[in-house]
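Q: Here you go, sequence then predicted model.
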Amino acid sequence: SIAAFLLIALLSLTWSATLSVTVAFAYWCGVVADLAMVVLLIRCGPLEKMSSSLMKGYVWGAAFIAVLTWLSPTMQDLRPGNDDFFSPNALALIFAFGVFFAHYLSRTDRIWNLAAITLAITLLRTLSKTSIVAFVAGEALMLLRDPAVSRRKLLAILVISCLVVAAFSGLIVAYFDVYTTTGNEAETLTGRVGIWDYTLEASLEQPWLGHGFHSFRNEIGRAHV
C-alpha cells in the first residue's frame, strides 16, 4: 500500500498544480529516502529491537528540536518557529509523533515518560491548533486502549494536563486575540475558515486523482489572489 501511494504520488506530478515540478519531485524523493532508511534499518536486525532503536532516535531528535524551540524567538502571532523555514505546524508534528513513540517506549522504561511530558508541553507551546486537537484525540485513544494504564494513572494524566493548560492560559488567551483580530486575512480565524472551505470544495472537484503531489499551497494561493 505504501509503494502504491508513492507510485501514484509520482505519477501525479504529470498533472500536479505545483509551482515547480522539480521541487515537488525533490520532496517526493525525500519521502522515498525516509521510507528506504526505515526499511533498511529494520532489515538489519530483529524487528522489535530495530523498531525500538528507531523510536528512541526519533525521540532524542525531537527533544533536541524542542530545546531549540524554547530558545528560539517567537513570530508576530506569539508562536515559535518560522513560516518559511520551520513552521509551528511542522514543529508540532514532530513533537506529537515524539510523544507517541515515547509513550510506547515507556512500557519498558519509565524514564521515557519524562520525554513524553516534555514533548507534550512543547507541543502545546507551538499553539498549533489542528495538530494539538489531533494529538489529543490520538493520545486519548492510546491511553484508553493501553491495559498498562490504570484509571488512577489516567486521572493523574488528566489533572496534570489541566494544570499545564492553566499555566499556559495567559499565552493562549493572547494568541487567541491575535488569531481572531490581527494579522493578514489568512492568519485570522475567518481567513482560516475560508481556506478550509475552499479545501473541501477543491477536494470534491477531483475526488479520485486530486490536484497532484505538492499542489496544495499553490492551489490555496491562487484561490486567495
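A: It's in.
Q: Tyr27 versus Ala9, what's the distance?
A: Applying CB to CB, to the nearest Å, the value for Ala9 to Tyr27 is 10 Å. The way it works is simple: take the backbone N, C-alpha and C, and place the C-beta from them, glycine included.
Q: same thing with Thr199?
A: 19 Å.
Q: what's the answer for Gln76, then?
A: The gap separating Gln76 from Tyr27 is 27 Å, by CB to CB.
Q: Also Ile157?
A: 36 Å.
Q: Give the intersection of the neighbour lists for Ala9 and Tyr27.
A: Shared contacts of Ala9 and Tyr27 (CB atoms under 8 Å, 6 or more residues apart in numbering): Phe213.
Q: thinking again about what came up before, of Ile157 and Tyr27, who's got more company?
A: More crowded of Ile157 and Tyr27, by other CB atoms under 10 Å: Ile157, with 17 against 14.
Q: The more buried one touches Asp146, doesn't it?
A: No: Ile157 sits out of contact with Asp146 when judged by CB atoms under 8 Å, with a separation of 11.1 Å.
Q: Which residues are in contact with each of those two?
A: By CB under 8 Å, 6+ apart, no residue touches both Ile157 and Asp146.
Q: Show me the helices in the protein, by range?
A: For the chain, the helices defined by DSSP state H occupy 2-11, 21-42, 47-71, 88-105, 111-126, 129-145, 151-167, 169-181, 189-205, 216-223.
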